[in-house]
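>>> the sequence and its predicted three-dimensional model are supplied below.
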Amino acid sequence: MVSQEQRRRQLAREKFLRQQQRRTSARRKTRTRNSVIASVLGVVVIGSVTLYMTGALKGNDDKANASSETTPSASASPSKAPDPCEKAAAGSVKKLSWKKEPAMTIDTSAKYTMTLSTTCGDIGVALKTSAAPHTANSFDFLASKGYFDHTKCHRLTTNGIYVLQCGDPTGTGSGGPGYTIPDENLKDTSLKGGVYPAGTVAMANTGQKHTGGSQFFLVYQDSQLPASYTPFGTVDAAGMKVLKKIAAAGENTGQGDGAPNATVVINKATVAKS
């Protein structure tokens with residue numbers, strides 16, 4: 001039997017899907033090629049009743065959790081916690097674009113670490129170089145060009161799925177490097193039971209295969225998602241503390257999906273061979 005909480009989750013996901021469809025339609029009209037988190041189809045089996053619930057992590061639209069027959073009040077005031085982060089370093093975002101994926105230059109047999117030096121603290125990411133070579137190589141290339149420097153992490157989801165989304169120089173959820181990279185490592189052993197575990201760093205996409213660009217998301221709490229988003233790294237312990245701090249400050253809509261209240265800016269991104 002479907003509980004009130006389960007029904008609440010179903011309705012919220014359905015509501016979110018409708019929002020996704022409207023926003024996706026608008027983006028197609030403008031023919032904006034972007035790298036954003038795509039529609040998510042979650043299949044949850046509860047007893048003998050199967051509920052098909054679809055959420056999404058797409059551009060500015062990643063949220064999923066639930067509502068019951070009584071949905072949360074739309075007039076609820078967003079919770080506003082003190083900003084736990086520092087002022088961004090001086091500098092501006094570079095406007096860079098390329099027509100094709102960069103040539104492979106990394107050593108796929110070696111270990112690489114990406115460091116995101118943010119206003120909220122450093123986030124270290126151990127890259128899964130051999131399992132996701134195209135992704136690791138792309139991040140090495142983009143970081144070397146200063147592509148991520150001074151960019152905002154534009155989205156925080158705190159309801160149903162728990163991610164911080166970054167990597168868009170425009171800060172809108174519609175930006176990208178001008179090229180796409182293939183999906184990789186979708187059978188990673190860490191993705192069990194339809195869950196991206198806390199600490200996973202994965203690629204955004206448009207909902208179609210092989211459409212990753214520069215946007216990525218960092219999972220700060222286990223999140224149920226289909227294996228459609230390239231998992232290419234794991235956040236270190238210090239970085240997880242930073243993510244938890246950002247999440248605790250909440251997002252600006254009060255509905256569990258919006259811009260983070262914390263001032264999350266990547267002052268500098270670097271990739272280094274270990």
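Great, that's in hand.

>>> bridging residues for Gly124?
Per DSSP bridges, the residues bridged to Gly124 are Thr115.

>>> now the strands for the chain?
39-46, 49-56, 112-118, 121-127, 151-152, 155-159, 161-166, 195-196, 200-203, 216-221, 223-224, 231-235, 257-258, 265-273 (DSSP state E).

>>> ok, which of these comes nearest Pro102?
strand 265-273 (12.4 Å; Cβ to Cβ). The way it works is simple: take the backbone N, C-alpha and C, and place the C-beta from them, glycine included.

>>> tell me how far the closest one is from the chain's mean position?
Between the centre of strand 265-273 and the centre of its chain there are 17 Å (Cα atoms, centre = their mean, to the nearest Å).

>>> and the angle for that strand with strand 161-166?
Interaxial angle, strand 265-273 versus strand 161-166 (axes from the mean of the first three to the mean of the last three Cα atoms, to 10 degrees): 90 degrees.

>>> circling back: least confident of the strands of the chain, on average?
Note on the strands of the chain: strand 49-56 shows the lowest mean pLDDT, a mean of 30.

>>> circling back to that earlier point, and the strands of the chain: which comes nearest Thr189?
It's strand 231-235; of the strands of the chain, that one is closest to Thr189 (Cβ to Cβ) at 10.1 Å.

>>> so what touches the closest one?
Applying Cβ atoms under 8 Å, 6 or more residues apart in numbering, the contact partners of strand 231-235 are 114, 123-128, 131-132, 135-136, 139, 184-186, 188, 190-191, 196, 199-203, 216, 218, 243.

>>> any idea how far the residue positioned nearest the centre of the chain is from Glu86?
Closest to where the C-alpha atoms of the chain average out (Cα atoms, centre = their mean) is Phe217, at 2.3 Å. Separation of Phe217 from Glu86 (Cβ to Cβ, to the nearest Å): 23 Å.

>>> leaving out chain neighbours, which residue sits closest to Asn205?
Spatial nearest neighbour of Asn205, excluding adjacent residues (Cβ to Cβ, 6 or more residues apart in numbering): Thr211 at 4.5 Å.

>>> count the neighbours of that neighbour for me.
20 (other Cβ atoms under 10 Å).

>>> how about Gly175?
Gly175 has 25 nearby residues by other Cβ under 10 Å.

>>> from Leu142, how far out is it?
For Gly175 relative to Leu142 (Cβ to Cβ), the value is 12 Å.

>>> any residues in contact with both of the two?
Counting by Cβ under 8 Å, 6+ apart, the residues touching both Gly175 and Leu142 are Ser214.

>>> show me where the stretch 51-200 of the chain has its helices.
Assigned by DSSP state H, counting those that start in this stretch, the helices in the stretch 51-200 of the chain fall at 133-144.

>>> so where's it shaky on pLDDT?
51-81 (pLDDT under 70).

>>> quick revisit: wait, the residue nearest to Asn205 touches Met203, no?
No. Thr211 is beyond contact range of Met203, at 9.2 Å (criterion: Cβ atoms under 8 Å).
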